[in-house]
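In: attaching a predicted model along with its sequence, questions to come.
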Amino acid sequence: MHRDKIKEISQYLNIDQDSLIEKGVESLLTERKRELMVDRYELLSRYNVSNLDELEKKIESGDVKEHPTWEDLITLENLDEAITRLNEYQKQLHQAA
């Protein structure tokens, strides 16, 4: 988006440009985290578990088939890492404010 448009929007909303950009980044992080959490919840629900460790135990005990559950476990690990990273970004934004 062009700087002129950001300036126009900030004036219309009566908020300084840096705050407008910060709020936009915060909203984007929040929305992305929500999407990841929905994906995470769907995966956990598929196996009727509440976390990664429970799913791993189900695989090890043979309660669920190894394939494709191992792939889902990797996906879940990646989702957890992404959510953690987004949480850290949000924390850093709040500390800087």
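Out: Arrived safely, thanks for sending.
In: was I right about residue 52 contacting residue 77?
Out: Yes - between residue 52 and residue 77 a contact is recorded at 6.4 Å, counting by Cβ atoms under 8 Å. All C-beta atoms are positioned from the backbone trio N, CA, C, and that covers glycine.
In: which of these two has more residues huddled nearby?
Out: Per other Cβ atoms under 10 Å, whichever of residue 52 and residue 77 has more neighbours is residue 52, with 16 against 13.
In: how about that one, what does it touch?
Out: 73, 76, 77, 80 (Cβ atoms under 8 Å, 6 or more residues apart in numbering).
In: neighbours around residue 79, how many?
Out: By other Cβ under 10 Å, the residues close to residue 79 number 20.
In: how about the nearest residue to it, chain neighbours excluded?
Out: Spatial nearest neighbour of residue 79, excluding adjacent residues (Cβ to Cβ, 6 or more residues apart in numbering): residue 40 at 4.6 Å.
In: what's the helix or strand for that neighbour?
Out: Assigned by DSSP states H and E, residue 40 falls within helix 17-46.
In: which residue is the nearest non-sequential neighbour of the residue sitting nearest the centre point of the chain?
Out: Ranked by distance to the mean C-alpha position of the chain (Cα atoms, centre = their mean), the top residue is residue 33 at 2.4 Å. The shortest distance from residue 33 to any non-neighbouring residue, by Cβ to Cβ, 6+ apart, is to residue 86 (4.5 Å).
In: is it true that the one you found touches residue 37?
Out: No - shown here, residue 86 and residue 37 do not form a contact pair, counting by Cβ under 8 Å, at 9.7 Å.
In: right, I'll call it a day here.
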